[in-house]
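Asker: got a predicted structure plus its sequence, pasted below:
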Amino acid sequence: MFLKKILLSTIFIAFITSNSFSQKSTDEILKEAKIQANNEDKAIFIKFEASWCGWCHKMTKDMKAKETKIFFEDNYVIVPIVVKESAKNKKLENPGSTELLKKYNGDKAGLPFWVILDANMNVITNSYNDKNQNLGGPASPEEVNTFIKKLKKSAKNISENDIENIKKQFTLKN
């Protein structure tokens, strides 16, 4: 009986541990995003990020701010993909994230790197500007204006009010 309890406890702990540290694979995430994007007539906004990345956290905060959240939720299926983690946080990465980042030519870019796809998984735009530099989390007036141009290409609906709210939220104040 005692051995049986130890065996069951060990199996239970192994199950909890493996499930608490395993992340969804990028294949699984994108499959779900494609279904949702088709069902809701939205584009897919993939944001590659890492726990150590301050700009990633700022961009997430800006996208979820009261003034901008509705715009992003109405137009995009937001897909955060964890990549480029430190050795101690590798367990946070989504399996396949490095390969997916490379597929979208973001492997040489800093984080955040983002790409916007249509519901059929075709690239609409990405976070590279005209100079082939990663906008990352846009913060300067020039970066935010470029970001807005890219949003205009991919959003089904963007109003002047949305544009003003994005400018106010994303632009760093000196």
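Answerer: Here it is on my side, so go on. Residues are numbered from 1 along each chain as shown.
Asker: now the helices for the chain?
Answerer: 2-21, 26-40, 54-64, 69-75, 97-103, 141-154, 160-170 (DSSP state H).
Asker: show me what the last one is packed against.
Answerer: Right, helix 160-170. helix 69-75, helix 141-154 (3 or more CB pairs under 8 Å, 6 or more residues apart in numbering; DSSP states H and E). The way it works is simple: take the backbone N, C-alpha and C, and place the C-beta from them, glycine included.
Asker: swap in 10 Å and give it another go.
Answerer: Counting contacts by 3 or more CB pairs under 10 Å, 6 or more residues apart in numbering; DSSP states H and E, helix 160-170 is packed against helix 54-64, helix 69-75, helix 141-154.
Asker: buried ones in the first one?
Answerer: So that's helix 54-64. Trp55, Cys56, Lys58, Met59, Thr60, Asp62, Met63 (16 or more other CB atoms under 10 Å).
Asker: the shortest one now?
Answerer: By neighbour count with 16+ other CB under 10 Å, helix 69-75 contains the buried residues Phe71, Phe72, Asn75.
Asker: go on, the last one?
Answerer: Residues of helix 141-154 classed as buried: Glu143, Val144, Thr146, Phe147, Ile148, Lys150, Leu151, Ser154 (neighbour count, 16+ other CB under 10 Å).
Asker: got the contact list for the fourth one?
Answerer: If a contact means CB atoms under 10 Å, 6 or more residues apart in numbering, then Phe147 has 59, 62, 114, 125, 127, 129, 135-139, 166-167, 170 as its contacts.
Asker: hmm, Ile29 is touching Ser97, no?
Answerer: Yes - between Ile29 and Ser97 there is a contact at 9.4 Å, judged by CB atoms under 10 Å.
Asker: if anything else comes up later, I'll come back, but that's it for now.
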